[in-house]
Structure formats: C-alpha cells, structure tokens
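Asker: this one's structure only:
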C-alpha cells in the first residue's frame with residue numbers, strides 16, 4: 001500500500017508540474033512572417049493579378065514627389081489592366097484639355113516574368129485608347145515595388161509603391 005501511495009504521489013507531482021512549451025524567439029517569428037509574406041507576393045506575381053499602389057513619383061529630370069496614400073493605382077490583370085496614375089513631366093502628343101495623368105484601360109500583351117535573386121521583374125505592354133504603355137515592374141519579396149512606364153506620347157516616369165492582392169466583392173462586404 002505504501003508503494004502504491006508513493007507511486008501515485010510521484011505521478012501526481014509529474015502531472016501537476018507545469019509543462020514549459022518551447023516558445024519561438026522574436027527572430028524566428030519575424031523570419032516566419034517574412035517567409036509567409038514572400039509566399040503571398042510570389043502567389044500574386046504568378047497569378048498575374050495584383051494592385052500596385054503608388055506612394056512616390058520619380059519624374060524624368062525632376063525631384064521625387066510623395067503622393068497621397070491609397071489614391072493612385074494600377075490594377076494589373078491578364079484580362080484587363082486599369083491605371084490611374086499622376087504624370088509630371090514632358091508630354092509630346094496629347095489632346096488639349098486632357099486629364100494629364102497616365103489613365104488607361106486595356107488588355108496586357110507580351111507578359112514576361114523573370115525571377116531574380118531577391119525580386120521579380122514583370123514586363124507587359126498595354127494599348128490604351130490613345131497610347132501604348134510599356135510597363136516594367138521590379139517587385140521585391142517584401143511587397144515593395146517600382147513601376148517604370150514608357151509611352152509614345154509622354155516622357156518616361158517611375159513610381160515607387162507596393163503591390164497588394166486585388167479587392168474582391170467578398171472582401172468589400174467585410
């Protein structure tokens with residue numbers, strides 16, 4: 001009886017003692033978060049469907065201009081690409097009284113994706129109503145991106161910003 005009681009007492013001590021789970025360090029958590037973000041960015045690029053939100057403009061021969069947050073965008077999709085970006089620079093053949101920005105809708109052609117060491121290079125050509133736009137994205141694995149736009153009627157310009165998943169009707173309802 002004493003042995004049974006002592007065994008039971010020892011078992012209760014083991015069961016009652018707190019179990020320490022191995023917690024991940026901040027460094028490990030940060031690495032996991034970065035890896036998850038990289039997978040999301042790679043999935044967006046491979047699906048060829050994302051939204052580029054411009055935060056800065058780098059006009060040719062001008063100074064950097066910081067833009068209002070979430071105001072200017074380029075929605076890239078293989079079926080329809082839509083752009084509403086500001087333009088600062090020289091225009092060559094533009095209709096009088098036009099918008100002045102880089103605003104167009106069209107179907108992208110000649111889409112090429114090239115994987116680099118820590119980024120992706122995506123190139124496409126979009127024919128708008130009055131112009132042809134050559135788009136070159138440098139997309140980094142953290143979601144940051146640079147967009148270079150060359151057109152027939154305006155000087156080259158680049159934008160710094162980030163890419164995100166396009167909003168769906170379900171996410172708009174939330």
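Answerer: Nice, thanks for sending it over. No experiment lies behind these values; they were computed from the predicted model shown.
Asker: in this protein, which spans are strands?
Answerer: 50-59, 65-66, 73-76, 81-85, 102-106, 108-115, 119-127, 132-140, 144-151, 157-164 (DSSP state E).
Asker: Pull out the buried residues from the first one.
Answerer: For strand 50-59, the neighbour count (16 or more other CB atoms under 10 Å) marks 50, 51, 52, 53, 54, 55, 57, 58, 59 as buried. Backbone N, C-alpha and C define where each C-beta goes, glycine included.
Asker: wait, what's in contact with the closest residue to residue 109 other than its chain neighbours?
Answerer: Closest residue in space to residue 109, ignoring its immediate chain neighbours: residue 125 at 5.0 Å, by CB to CB, 6 or more residues apart in numbering. Residues in contact with residue 125 (CB atoms under 8 Å, 6 or more residues apart in numbering) are 108, 109, 110, 132, 133, 134, 135.
Asker: Now list the buried members of the residues you listed.
Answerer: Among the contacts of residue 125, those buried by neighbour count (16+ other CB under 10 Å) are 108, 133, 135.
Asker: from these, which single one is nearest residue 114?
Answerer: Using CB to CB, residue 135 comes nearest to residue 114 of these, at 13.9 Å.
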